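Engineer: what follows is a protein structure lacking sequence information:
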């Protein structure tokens, strides 16, 4: 393997946050990017959003938090 295999590549989430995207910006239903990542079981995206300051205790219009979304995904 060449040296390029050892270079960490940024995730799409890292790129968006670096470009100024708000990790806490809700959509029309009040879901934040962290809620979407948690619901999709996207561990890498969830970690990147938390590192960027995403709030883990924000609830959407259905009163669901990112942790609740992750648990619902794991159950189902």
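Structural biologist: That came through, no problem. All of these numbers come straight from a predicted model, not from anything done at the bench. Numbers count the residues shown, from 1 in each chain.
Engineer: and the helices in the protein?
Structural biologist: With DSSP state H applied, the chain shows helices at 12-18, 33-39, 43-51, 66-75, listed in chain order.
Engineer: among those helices, which is the most enclosed?
Structural biologist: Comparing the helices of the chain by mean neighbour count (mean count of other CB atoms under 10 Å), helix 33-39 comes out on top with a mean of 24. C-beta here means a position set from N, CA and C on the backbone, and glycine is covered the same way.
Engineer: show me what that one is packed against.
Structural biologist: Other helices and strands packing on helix 33-39, by 3 or more CB pairs under 8 Å, 6 or more residues apart in numbering; DSSP states H and E, are helix 43-51, helix 66-75.
Engineer: in terms of mean pLDDT, which of those helices ranks lowest?
Structural biologist: With a mean of 87, helix 66-75 has the lowest mean pLDDT of the helices and strands packed on helix 33-39.
Engineer: what's the angle from that helix to helix 43-51?
Structural biologist: 170 degrees (axes from the mean of the first three to the mean of the last three CA atoms, to 10 degrees).
Engineer: when you give positions from now on, start the count at 22
Structural biologist: Sounds good: first residue 22 from here, last item helix 87-96.
Engineer: how far does helix 87-96 sit from the chain's center?
Structural biologist: Computed by CA atoms, centre = their mean, to the nearest Å, the chain-centroid distance of helix 87-96 equals 13 Å.
Engineer: need the distance between the two termini of stretch 36-52.
Structural biologist: Terminal residues of stretch 36-52 are spaced 20 Å apart (CA to CA, to the nearest Å).
Engineer: if you count neighbours, what's buried in it?
Structural biologist: Judged by neighbour count using 16 or more other CB atoms under 10 Å, the buried positions of stretch 36-52 are 37, 38, 44, 52.
Engineer: what's the closest of those residues to residue 86?
Structural biologist: Within these, proximity to residue 86 (CB to CB) peaks at residue 52, which comes in at 10.6 Å.
Engineer: isn't the closest one up against residue 81?
Structural biologist: Yes - judged on CB atoms under 8 Å, residue 52 makes contact with residue 81 at a distance of 4.7 Å.
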